[in-house]
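S.K.: What follows is a predicted structure for the sequence shown.
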Amino acid sequence: MSEPRRAHVSDHHAIVTRVQQWWGDSRTPEQARELSLLLPKLFLQFFSGTSLVLEDDAGIRAFLVGFHAADNDAEAYIHFVGVDPALRGQGTARRLYTTFFQRAAEAGRTEVRAITSPGNAGSIAFHRAMGFALEPGDRMADGVPVHSDYDGPGQDRVCFFRKLTTP
């Protein structure tokens, strides 16, 4: 597999299709489609320079959609990451995160943020293994701080941050 490359607007259709396919094993088709709605084309129109794609002869095998904060010069944010189920557990997501961290630090960013759902134990464990700390929330669930209604009523989230070292 090649090195992570910058995402392009033209990758949008393939990425959305992969979200629907890759999450189809753990969700209904409707739920997988709803999940893909978290990736409108605008993310690649305006943040392709900070988003990453890994591909091989079979096409896109993993992606990371992230951006640098527009309101401050310190933060970056990882919005959505997807890895082909056949590649999970092989360090593919770690590779994307590491590349994102490096590029964010090179751009002068000193912190990366991310969120996940409280029930996503795999994501919580992965972010902790990648050096993210958990932000205090307004309540605890299964030993994890949760931000109630973070993304709207009933849309609770776990919030992470990770300090970066500048090169």
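M.R.: Thanks, I have it. Fair warning: this is a prediction, and the values are worked out from it, not measured in the lab.
S.K.: R157 is in contact with Y150, isn't it?
M.R.: Yes - if you go by CB atoms under 8 Å, R157 and Y150 touch, sitting 3.8 Å apart. Just so you know, the C-beta spots here come from the backbone N, C-alpha and C atoms, and that holds for glycine as well.
S.K.: Quickly list what's touching both of these two.
M.R.: Shared contacts of R157 and Y150 (CB atoms under 8 Å, 6 or more residues apart in numbering): I115.
S.K.: more neighbours, these two?
M.R.: R157 (19 against 16; other CB atoms under 10 Å).
S.K.: measure the more buried one to H68 for me?
M.R.: 21 Å (CB to CB, to the nearest Å).
S.K.: Kindly report the same for L38.
M.R.: Going from L38 to H68 by CB to CB gives 19 Å.
S.K.: neighbour-wise, which of those two wins?
M.R.: Using other CB under 10 Å, the more surrounded residue of L38 and H68 is H68, with 19 against 13.
S.K.: Where is the longest helix in the protein?
M.R.: As assigned by DSSP state H, the longest helix anywhere in the chain is helix 92-106.
S.K.: which residues are contacting it?
M.R.: With CB under 8 Å, 6+ apart as the test, helix 92-106 has contacts from 3-4, 50, 52, 54, 61-64, 66, 68, 76, 78, 81, 83-84, 112, 126, 130, 162, 164-167.
S.K.: Would you write out the PyMOL command that picks the buried residues out of those residues?
M.R.: Selecting only the buried entries of the contacts of helix 92-106 in PyMOL, with 16 or more other CB atoms under 10 Å as the criterion:
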select buried, resi 4+50+52+54+61+62+63+64+66+68+76+78+81+83+84+112+126+130+162+164
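S.K.: Out of the contacts of helix 92-106, which sit inside strands?
M.R.: Among the contacts of helix 92-106, the ones falling in strands (DSSP state E) are 52, 54, 61-64, 66, 68, 76, 78, 81, 83, 112, 162.
S.K.: does H12 belong to a helix or a strand, and which?
M.R.: In this assignment (DSSP states H and E), H12 forms part of helix 12-22.
S.K.: Identify each buried residue in the following helix or strand past that helix, please.
M.R.: Downstream of helix 12-22, the first helix or strand assigned by DSSP H and E is helix 29-36. Neighbour-count burial for helix 29-36, counted by 16+ other CB under 10 Å, picks out A32, L35, S36.
S.K.: list the contacts for the first one?
M.R.: When you say that, I think you mean A32. A32 touches V19, Q20, Q21, W23, G24, counting by CB under 8 Å, 6+ apart.
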